[in-house]
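Asks: need a structure here:
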Amino acid sequence: MNSWERIVATIRLFFHRETPWYVKALLAAAGIYLISPFDFIPDWVAALGLVDDAAVVPLLVGLAYRLMQADRQKRSLNTDTGGQTG
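Replies: Residues are numbered from 1 along each chain as shown. Take a look at the predicted model:
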């Protein structure tokens, strides 16, 4: 999957009706952080200013994907057991 396909998949995940609110919140935070002028390290600080964008955004998106995968597994387990847990 190339970069453009990943971006499109992430946007689709954000707008999908079954995506949990906390996954959407992480994806929104990643987008806001990417376009926000406020960073942990300001962009005008040599190359370090862009490094934090390149680190924080993929971490947030990766966490969102892991949480979404865990949510799908949980839903699948609940479906397989007839909604009973434990």
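
Asks: Quick one: distance of the longest helix anywhere in the chain to the chain centre.
Replies: The longest helix of the chain (DSSP state H) is helix 48-80. Its chain's average C-alpha position is 5 Å from that of helix 48-80, according to C-alpha atoms, centre = their mean, to the nearest Å.

Asks: I'd like to know the average pLDDT value across that helix.
Replies: Computed over helix 48-80, the mean pLDDT rounds to 88.

Asks: now stretch 6-20
Replies: Mean pLDDT, stretch 6-20: 93.

Asks: can you check stretch 34-43 too?
Replies: 77.

Asks: Endpoints of that stretch, how far apart?
Replies: 11 Å (C-alpha to C-alpha, to the nearest Å).

Asks: Buried residues, it. List them.
Replies: 39, 41 (16 or more other C-beta atoms under 10 Å). (Each C-beta comes from the backbone N, C-alpha and C, glycine too.)

Asks: What residues does the most centrally placed residue in the chain make contact with?
Replies: The centre of the chain sits closest to Val61, judged by C-alpha atoms, centre = their mean, with a distance of 2.8 Å. Applying C-beta atoms under 8 Å, 6 or more residues apart in numbering to Val61 gives the contacts 10, 26-27, 30.

Asks: do you know how far Arg12 is from Met68?
Replies: 12 Å (C-beta to C-beta, to the nearest Å).
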